[in-house]
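Trainee: Model the following, please.
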Amino acid sequence: MKGKPMIRRRDFLGLASVVTIGLMMTSCDAASTEKVDTSKSRTGAMDSFGVGDTFKATVPLTFTFLFSDHPTYPYKKDWLLFTKMASDNNVTLDATVVPGSDYEQKRSLLISSGNAPEIIAKTYPGSESAFVSAGAVLPVSDYVDLMPHFQEKVKKWKLEPEIEILTQEDGKYYVLPGLHEKLWPEYSVCFRKDVLKKEGLAEPTTWEEFRDVLRSLKKAYPDTVPFSDRFKGENVLNIAGNAFGTVAGWGLVDGLLFDQDKKEFGFAAGSKQFKDLVTYFNSLVSEGLMDPESFTQTDDSAIQKFVSGKSFAISANSQNVITYRTSMEQSLGKGNFEIGKITVPGGPAGDIIGGSRLENGIMLNSSVKDKDSFVALIQYIDWLFYSDAGKEFSKWGVEGTTFTKEGGKRKLAADINFQGLNPSGTKDLRVEYGFSGGNFSYGGATELLHSTFDSEELAFQKAMESKTPRPVAPPIPFSSIDREQATLVLTPLKDHVKQNILKFITGQRSLSEFDAYVKELESKGQSKYVELANKAYKAYADKK
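Mentor: Numbers count the residues shown, from 1 in each chain. So this is what the prediction gives:
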């Protein structure tokens, strides 16, 4: 399971590990992005390939693939995932296997050296930007006319605004993202619901109520600190930030927030809304309701406090809840507790949640355009990552072998388990067969996503449907020169923001100094950064 949620919106500067490589590459001569005449690159391609068709190469094909390895289900060349691709699609994937912990750095080095495989997996929208100027990755938008399933999903799910965010300065995009039918809110705060019931407390629906519940718990259990969080506070600041009308934690990303009325970007971490957010969390810490160690402690430390009964609330996604429950059955005894996520609370800005319907996806090495089998490669990618059959295959496996389907409802084979869906199963769907892994299985129809959820998580998702998603921000297609300048300014800006969030919330710095902090942001280039962003946005908007 992922340790953090999908990208909230396009991180145009790329992930931190690729910035240096990216800046080096901007000085290279950009390769030609002229569109290839695909009529000459059809070896193995299907003559007729449309929505609903299963891709099968007309001759055996091999494509190289950069594979992010996961320690829980390490790569196996003979997985059913790969043998079935070879038999049914006539495609063999020659994988370059990289440990997930080193993946982003290794990916950057391979691309910059010109040695990257043809298909580059696990690429979050935004991290491709560092490689565009040098022509190292393919402008995939030039070839989506060969991808009927991709085009169908974008149109059917009205994803055009999200796809537009991927646009670079040249008007093209270079990453094929995972596509979600609907926004997938995954993280919230998990409570000891048995304790809430014992004290006659309703689950909080706003952040004000959240504080009131913690105050009541503190009064009933004066020796405890009710809320001791994990993820170094990144999750709770992210979900609360949306409700306060700002961005923070995992949601900080590039620090920018688009004003829908003024039609311009601003730097969120210097705003009144941001001050309100840190003031709120400062009150939790100062009143002894939230553990100040929430922002510095390890996840294991936070988890141990929760599962041992020393705290009553902690951040979680659905799989975290299952893990907590398993540990608590050992520490507190089965049936002696009840835990679960609450719906994400609303705040001063409303019942707002952030997020994106774009998930991590793939880049293609620009060299693929020179392959005789280029069209076949595009058709294969379209089937595997965007067709209903391909998505079901990568997630559930092979019908009749790893799962059965009756009346549209899927059920794992008797001897197979996946994340607690079939506890009696002795074989893990990922470990033994390679399905539902992060390199292939992401995005898709909501029905398919929900098909692996238990009743508890389905109820949470249903409750979250009433929330209002933050509007999609427009693209900021920087030129390579402006991107370099923006990156150099943003790095110290974000560092200063993160340092002072911690100081303000934990009381190491008085909130009376917030105005001084804003002036410090100015001295570190806040205005220059915002000016660069708005310049890029307005140049793009003027071309439309």
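Trainee: Can you name the element that comes right after the worst-scoring helix or strand of the chain on mean pLDDT?
Mentor: Least confident helix or strand of the chain, by mean pLDDT, DSSP states H and E, is helix 16-25 with a mean of 39. Note on helix 16-25: by DSSP states H and E, the next helix or strand toward the C-terminus is strand 61-69.
Trainee: so where's this protein uncertain?
Mentor: When residues are selected by pLDDT under 70, those of the chain lie in 1-33.
Trainee: Can you name every helix or strand that the lengthiest helix in it contacts?
Mentor: Secondary structure assigned by DSSP state H gives helix 480-506 as the longest helix of the chain. In terms of contacts (3 or more C-beta pairs under 8 Å, 6 or more residues apart in numbering; DSSP states H and E), helix 480-506 is packed against helix 16-25, helix 272-286, helix 514-523, helix 526-543. Any C-beta I mention is one placed from the backbone N, CA and C, and that applies to glycine too.
Trainee: change it to 10 Å
Mentor: helix 16-25, helix 234-243, strand 264-267, helix 272-286, helix 514-523, helix 526-543 (3 or more C-beta pairs under 10 Å, 6 or more residues apart in numbering; DSSP states H and E).
Trainee: Name the residues of it that are buried.
Mentor: Across helix 480-506, burial judged by 16 or more other C-beta atoms under 10 Å covers 480, 482-484, 486-487, 489-490, 493-494, 496-498, 500-506.
Trainee: And for stretch 391-399?
Mentor: Lys391, Glu392, Phe393, Ser394, Lys395, Trp396, Gly397, Val398.
Trainee: Can you tell me the SS state at the first one?
Mentor: Using DSSP: H, G, I helix; E, B strand; the rest coil, the three-state assignment for Lys391 comes out as helix.
Trainee: from memory it sits against Phe440, does it?
Mentor: Yes - using C-beta atoms under 10 Å, Lys391 is in contact with Phe440, at 9.2 Å.
Trainee: tell me how far the longest helix of the chain is from the chain's mean position?
Mentor: Its chain's average C-alpha position is 21 Å from that of helix 480-506, according to C-alpha atoms, centre = their mean, to the nearest Å.
Trainee: tell me the contacts of the closest residue to Ala349 other than its chain neighbours?
Mentor: Closest residue to Ala349 apart from its sequence neighbours, by C-beta to C-beta, 6 or more residues apart in numbering: Gly245 at 3.4 Å. Counting by C-beta atoms under 10 Å, 6 or more residues apart in numbering, Gly245 makes contact with 257, 268, 271-274, 276-277, 347-350, 352, 470.
Trainee: would JSON lines of those residues with neighbour count and distance to Ala202 be doable?
Mentor: Output for these, formatted as JSON lines (neighbours: other C-beta atoms under 10 Å; distance: C-beta to C-beta, whole Å):
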{"residue": "Leu257", "neighbour count": "22", "distance to Ala202": "32"}
{"residue": "Ala268", "neighbour count": "23", "distance to Ala202": "31"}
{"residue": "Ser271", "neighbour count": "17", "distance to Ala202": "31"}
{"residue": "Lys272", "neighbour count": "11", "distance to Ala202": "30"}
{"residue": "Gln273", "neighbour count": "18", "distance to Ala202": "27"}
{"residue": "Phe274", "neighbour count": "25", "distance to Ala202": "29"}
{"residue": "Asp276", "neighbour count": "15", "distance to Ala202": "24"}
{"residue": "Leu277", "neighbour count": "29", "distance to Ala202": "24"}
{"residue": "Gly347", "neighbour count": "24", "distance to Ala202": "17"}
{"residue": "Pro348", "neighbour count": "16", "distance to Ala202": "20"}
{"residue": "Ala349", "neighbour count": "16", "distance to Ala202": "22"}
{"residue": "Gly350", "neighbour count": "13", "distance to Ala202": "20"}
{"residue": "Ile352", "neighbour count": "20", "distance to Ala202": "21"}
{"residue": "Arg470", "neighbour count": "23", "distance to Ala202": "26"}
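Trainee: Can you pull the phi/psi pair for Arg509?
Mentor: phi -130, psi 130 (degrees, to the nearest 10).
Trainee: What separation is there between it and Phe295?
Mentor: 13 Å (C-beta to C-beta, to the nearest Å).
Trainee: Looking at the two, which is more packed in?
Mentor: A direct count of neighbours by other C-beta atoms under 10 Å for Arg509 and Phe295 places Phe295 higher, at 22 against 19.
Trainee: Can you give me every residue that contacts that one?
Mentor: If you count contacts by C-beta under 10 Å, 6+ apart, then Phe295 has 229, 231-234, 236-237, 249, 281, 285, 498, 501-502, 505-506 around it.
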